[in-house]
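**Q** generate coordinates for the sequence data below:
(one chain, ligands or ions: 2)
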Amino acid sequence: MSENKKTGGCLCGAVNYNFNESSVISAHHCHCKDCQKSTGSGKATIVIVPEEALEIVGNIKFFTVTGTDGGHVTRGFCESCGSPLISFVEEMQGVKFIKAGSLDDSSWLKISSNFWSSTARDWSPIDESLHSFSQNPES
Ligand SMILES: [Zn+2]
Ligand SMILES: [Zn+2]
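**A** Ligands and ions are numbered 1, 2, ... in the order given. So this is what the prediction gives:
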């Protein structure tokens, strides 16, 4: 039991997850249109963690779309309350993207960059203090 264990979950409490802070790879704001649609907001903020570092309890419903660059993006929601919790890209094996807002305490989080600044809306502008990619970053 480590003191840097981070926990999160959905609004109704049916789904919970945890991972160690030391396992976090990076975190990003994504302003793509699909993230706007799926969150109902101006952007999604995601925390990239290795799959093996993540423990999830509860039932998640998944929905997959083909992104603009041909990648297959799957987004997971609590099947009871619909809270967006997690996503992953078929072509990026071994990592999961946690929705930062679902963390119980996200005060520790440091954001690295903005994705899809090209589709950021005036009412939800990019963080100008961070590096921005106009679309997805080069992989
Ligand atoms: Zn729920
Ligand atoms: Zn996105």
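**Q** and stretch 24-33, end to end?
**A** Stretch 24-33 has an end-to-end distance of 25 Å (criterion: Cα to Cα, to the nearest Å).
**Q** what comes up buried for that stretch?
**A** Val24, Ala27, His28, His29, Cys30, His31, Cys32 (16 or more other Cβ atoms under 10 Å). The C-beta positions use only the backbone N, C-alpha and C, and glycine is treated the same way.
**Q** what bridges to Ser132?
**A** Asn114 (DSSP bridges).
**Q** which ones are touching the spatially most central residue of the chain?
**A** Nearest to the geometric centre of the chain sits Ile46, at 2.8 Å (Cα atoms, centre = their mean). Ile46 sits next to Ala27, His28, Cys30, Ser87, Phe97, Ile98, Lys99, Ala100 when contact means Cβ atoms under 8 Å, 6 or more residues apart in numbering.
**Q** quick one: pLDDT of the last one?
**A** Model confidence at Ala100, expressed as pLDDT, equals 98.
**Q** how close does it get to Lys33?
**A** Counting by Cβ to Cβ, to the nearest Å, the gap from Ala100 to Lys33 is 19 Å.
**Q** nothing else from me, thank you.
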